[in-house]
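Chemist: Sequence below, structure please.
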Amino acid sequence: MEQRPIRRTRVKMCGTTRLEDALGAARLGVDALGFIFYPKSPRYISREAVASILAKLPPFVARVGVFVDAPLTEVVQTVGTGLSFVQLHGSESPEYCRELRALLPSCGFLKAFRVSAESSGATFTPYETCVDAFLLDTYMKGAKGGTGEVFDWSIIDKLKLQRPVILAGGLSPENVAQAILEVAPYAVDINSAIELRPGVKDIRRLQTVMEMVGEADRR
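Modeler: Here you go, the predicted model:
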């Protein structure tokens, strides 16, 4: 009898600003925590605050720093707080990614793209050799960083992406299972839909997300 492959969709909780939320997420089995270093974000957190949280985290939880068109030196210095991944959420070029990768050889890199009906696979191709995964968020004119809105997931298949996909953009307890069944992403990125207010997570909604992810993976 042919064995059915085991699927386990990874979960990243982004916009972490509080130790209790980080520890709650770790207890629920969240794979990665995102910390936003973009000063204009309502979920901005300082290096010092992140270092304090990371010092109390259990092992085997990835720590992701989110940057938007930040200077290379700023990213390098911030990774020194103990980050394991850099997520680039602005207009960073492939050359920027390669240079940063050379400066931080032990760090992983995620490149975010805002997806719309006009998106083309050619946009992604130059990044295939300099980042580890593509994070797909919703395009919104003039917006930088996450949007909290859902985009048309059927676009993803047409892009023929050659790196693992992290699906973001308005994922919630109500739609995350359907997203996994339709897209089969490597990971999902959860943020505003599990918040009481920006930067303050509702752990009960996060628990429901984890249950929905597990249920989708078992189907």
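Chemist: so Gly65 sits in a helix?
Modeler: No: looking at Gly65 with DSSP: H, G, I helix; E, B strand; the rest coil, it is strand, so not inside a helix.
Chemist: how close does Glu99 sit to Glu128?
Modeler: 17 Å (Cβ to Cβ, to the nearest Å). All C-beta spots, glycine's among them, are computed from the backbone N, C-alpha and C.
Chemist: Show me what the residue nearest to the spatial centre of the chain is bridged to.
Modeler: With distances taken as Cα atoms, centre = their mean, the chain has Asp189 as the residue nearest its mean C-alpha position (4.6 Å). Beta-bridge pairing for Asp189 (DSSP bridges): Lys12.
Chemist: now do Phe67
Modeler: According to DSSP bridges, the residues that bridge with Phe67 are Leu88.
Chemist: now it: how far from Ser116?
Modeler: Here Phe67 is placed at a distance of 22 Å from Ser116 (Cβ to Cβ).
Chemist: which of those two has more neighbours?
Modeler: A direct count of neighbours by other Cβ atoms under 10 Å for Phe67 and Ser116 places Phe67 higher, at 22 against 13.
Chemist: And the contacts of the single longest helix found in the chain?
Modeler: When the chain is parsed with DSSP state H, its longest helix is helix 203-218. Around helix 203-218, the neighbours that count as contacts under Cβ atoms under 8 Å, 6 or more residues apart in numbering are 7-9, 11, 13, 21, 24-25, 28-30, 171-173, 176-178, 180-181, 188, 190, 193-194.
Chemist: which among those end up buried?
Modeler: For the contacts of helix 203-218, a burial check counting by 16 or more other Cβ atoms under 10 Å picks out 9, 11, 13, 21, 24-25, 30, 171-173, 176-177, 180, 188, 190, 193-194.
Chemist: What about these, which are in strands?
Modeler: 11, 13, 188, 190 (DSSP state E).
Chemist: quick one: contacts for the second one?
Modeler: Contact partners of Met13, counting by Cβ under 8 Å, 6+ apart, are 21, 25, 30, 32-34, 190-191, 194, 201, 206.
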